[in-house]
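S.K.: Give me the fold of what follows.
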Amino acid sequence: LDIMAAQQSSRGKRATGGLMEEVILIDQQQLNEVIIPTMVVDRRLADGSRHEEEVANKSQIYVTTAGWKNSFSYDKLIQILIQQIIHPEEAIMLGGTWRIPVMEGLQPKNFIQGLKLDGTYNDASFSREYESEWSGDAENAFFSAEKFDQHRVLLQPEREASGRNSKAQYYVLGVDVGRFKCTTEIVVIKVTPQVQGPALKAIVNIYPYEAEDFEVQAINIKRLFYKYKARQVAIDANGLGAGLIDFMTKVQIDPETGDALPAFGVSGGTSEDITEPYKKIKGPDVENDAMYLIKANAAINTEAHTYVQTQMYSGKVRFLIDENQAKTKLMSTKVGQNMTPDKRAEELMPFTQTTILKDQMLNLVEENEGANIILKQSNKGIKKDKFSAFEYGMYYVKQEEDRKKKRKKRN
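M.R.: Have a look, this model is predicted:
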């Protein structure tokens with residue numbers, strides 16, 4: 001148990017009693033309006049009578065691993081901590097780390113060390129699960145953990161284009177360029193336009209690629225482009241991005257298939273300055289209008305930050321479920337039980353990558369420079385490359401939605 005908090009109501013209050021496990025997954029409204037009211041009846045004693053002084057009637061026990069600070073579960077933790085200080089006879093909070101079961105011989109230390117070194121396990125996730133450290137910033141986080149979790153509803157990732165939902169849907173690849181010990185991140189967004197209002201956006205997969213040379217990176221991006229039959233690659237054109245774009249506009253040979261991957265043309269971007277050099281890249285042997293170039297500045301960043309936050313809060317963005325839930329579902333099947341550990345890790349990778357995206361978003365705190373919003377990392381050890389790739393893709397979708405509005409207005 002990483003954290004256990006028990007709260008006992010004082011005499012005269014409504015009698016409740018029960019155990020709430022994994023509070024970080026419990027919906028606040030369901031707990032307060034559905035679960036707790038069902039526990040209002042006093043527990044019967046051995047002789048059939050009820051006694052309002054019975055401790056079991058008046059206790060609420062919360063058991064959970066650590067989660068994110070700007071959430072209901074963290075607020076409940078702080079509430080019980082304060083009650084323990086003011087009324088120590090009524091409430092108690094207990095916590096622990098991985099060191100306790102290791103010290104008692106219940107778990108080998110090398111197992112914990114192996115987990116920490118696992119490439120699929122990020123530091124923030126390890127801190128929550130094994131150190132009982134709550135992630136995020138309680139006051140200044142720009143994004144809400146609860147809103148993110150509320151919309152983690154996608155049960156399966158997509159590893160190629162799917163036309164199951166709507167013929168009008170399309171895919172966008174958001175790309176943040178990395179090099180020299182920084183990964184290149186590609187976020188796959190499935191966009192489903194709606195008759196009224198903004199489209200639904202589903203983050204169906206996230207691909208991290210090691211810091212290889214730009215030609216290899218260009219091949220990886222083009223493979224995914226055709227795999228998902230994507231409409232656009234929204235790519236970072238700042239700094240390193242300019243070097244990768246030069247390779248994207250050239251032909252490569254896929255070393256796995258021997259097929260020629262054509263040059264990619266540019267459909268547009270955030271300014272004429274960056275799109276002008278690529279306007280001549282067109283023709284029958286070119287993937288025309290395949291890239292949207294984003295060279296951000298303070299105004300564009302503010303527009304993108306606000307759009308992503310608004311779309312998340314309005315329920316227009318969907319994410320993959322938590323990797324622990326996904327693992328439970330996978331292990332309940334014979335296919336999952338028969339998988340090797342490496343194959344299982346590969347199967348769960350999109351879910352794990354989504355949690356890392358969440359960690360990065362909740363680490364971003366808001367600062368203002370005039371009317372502009374600046375998002376800075378609260379913990380410099382947590383990167384923001386996945387978020388940047390996600391935001392680039394979302395920014396392109398916004399431009400598409402704005403164009404659609406303008407067409408309707410003209411009509």
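
S.K.: Please count neighbours and contacts with C-alpha atoms only from this point.
M.R.: Will do.

S.K.: Kindly indicate whether Lys222 is helix, strand or coil.
M.R.: helix (DSSP: H, G, I helix; E, B strand; the rest coil).

S.K.: I misspoke; the intended subject was Ile235.
M.R.: Quick answer, by three-state DSSP: Ile235 is strand.

S.K.: Could you list the low-pLDDT ranges of the stretch 151-300 of the chain?
M.R.: The stretch 151-300 of the chain contains residues with pLDDT under 70 at 165, 211.

S.K.: Mind jotting down where the strands sit in it?
M.R.: Using DSSP state E, counting those that start in this stretch, the strands found in the stretch 151-300 of the chain span residues 152-154, 170-176, 184-192, 200-209, 232-236, 252-253, 260-261, 263-269, 286-294.

S.K.: so how far is the fifth one from its chain's centroid?
M.R.: Spelled out, that is strand 232-236. Offset of strand 232-236 from its chain centre (C-alpha atoms, centre = their mean, to the nearest Å): 20 Å.

S.K.: Dump the C-alpha coordinates for that strand into CSV.
M.R.: Taking Å, rounded to 0.1, in the frame of the first residue of the first chain, the C-alpha atoms of strand 232-236 are listed here in CSV:
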residue,chain,number,x,y,z
GLN,A,232,-1.0,16.0,-43.2
VAL,A,233,2.3,16.0,-41.3
ALA,A,234,2.3,19.0,-38.9
ILE,A,235,6.0,19.4,-38.3
ASP,A,236,8.1,21.7,-36.2
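
S.K.: Can you tell me the closest non-neighbouring residue to Pro193?
M.R.: Leaving out its chain neighbours, the residue that sits closest to Pro193 by C-alpha to C-alpha, 6 or more residues apart in numbering is Ala199, at 4.1 Å.

S.K.: now the lengthiest helix in the chain: mean pLDDT?
M.R.: Longest helix in the chain, counting residues (DSSP state H): helix 385-410. Helix 385-410 shows an average pLDDT of 89 in the prediction.

S.K.: list the contacts for the closest residue in space to Gln252 that isn't next to it in sequence?
M.R.: The shortest distance from Gln252 to any non-neighbouring residue, by C-alpha to C-alpha, 6+ apart, is to Leu261 (5.1 Å). With contact set as C-alpha atoms under 8 Å, 6 or more residues apart in numbering, Leu261 has these partners: Ile219, Lys222, Val251, Gln252, Ile253, Asp254.

S.K.: ok now the longest helix of the chain, how far from the chain's centre?
M.R.: 19 Å.

S.K.: now stretch 351-358
M.R.: 5 Å.

S.K.: what do you get for stretch 258-274?
M.R.: Distance of stretch 258-274 from the chain centroid (C-alpha atoms, centre = their mean) equals 28 Å.

S.K.: Over to stretch 101-108?
M.R.: 32 Å.

S.K.: Helix or strand: which one has the residue nearest the centre of the chain?
M.R.: Closest residue to the average C-alpha location of the chain: Lys358 at 3.3 Å, with C-alpha atoms, centre = their mean. Using DSSP states H and E, the element containing Lys358 is helix 341-362.
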